[in-house]
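S.K.: predicted model follows, preceded by the sequence.
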Amino acid sequence: MYKPTQPKVLRMRQLVEYTNLSKSYIYQKINDGEFPTGDLLSPGIRVWPQQKIDDWLDHKMGKGK
């Protein structure tokens, strides 16, 4: 049976580990408009699609499209 894969999303703790950036740095960059804001699933639960983070990292490393 075919089961479509769901896009991988990261919660803040996972985002910090994945990017090796601090939580305060991420929030500062969000406030500056320089980091993806993520999606609010419910009050207090924000997630970031991994693909958006990968694209942001690629751009920061000069590998942007």
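M.R.: The structure has been received and is ready for your questions. Since the structure is predicted, the reported quantities are computational estimates derived from the model, not experimental observations. Numbers count the residues shown, from 1 in each chain.
S.K.: ends of stretch 41-57, what's the gap?
M.R.: Using Cα to Cα, to the nearest Å, the end-to-end distance of stretch 41-57 comes to 23 Å.
S.K.: quick one: average confidence on it?
M.R.: For stretch 41-57, mean pLDDT is 95.
S.K.: buried ones in that stretch?
M.R.: 46-48, 52-53, 56 (16 or more other Cβ atoms under 10 Å). Backbone N, C-alpha and C define where each C-beta goes, glycine included.
S.K.: what ranges does the chain have for its strands?
M.R.: 9-10, 39-42, 45-49 (DSSP state E).
S.K.: quick one: distance of the longest one to the chain centre.
M.R.: Read that as strand 45-49. 7 Å (Cα atoms, centre = their mean, to the nearest Å).
S.K.: direction included, what does it pair against?
M.R.: strand 9-10 (antiparallel), strand 39-42 (antiparallel) (DSSP bridges).
S.K.: you'd agree R11 is up against V47?
M.R.: Yes: in terms of Cβ atoms under 8 Å, R11 counts as a neighbour of V47; the distance is 5.9 Å.
S.K.: from Y27, how far out is R46?
M.R.: 11 Å (Cβ to Cβ, to the nearest Å).
S.K.: returning to what we had before: adding distance to K63, write the strands of the chain out as TSV.
M.R.: Conversion of the strands of the chain to TSV gives the following (distance: least, Cβ to Cβ, whole Å):
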stretch	distance to K63
strand 9-10	20
strand 39-42	24
strand 45-49	18
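S.K.: to G33, which of these lies closest?
M.R.: strand 45-49 (15.2 Å; Cβ to Cβ).
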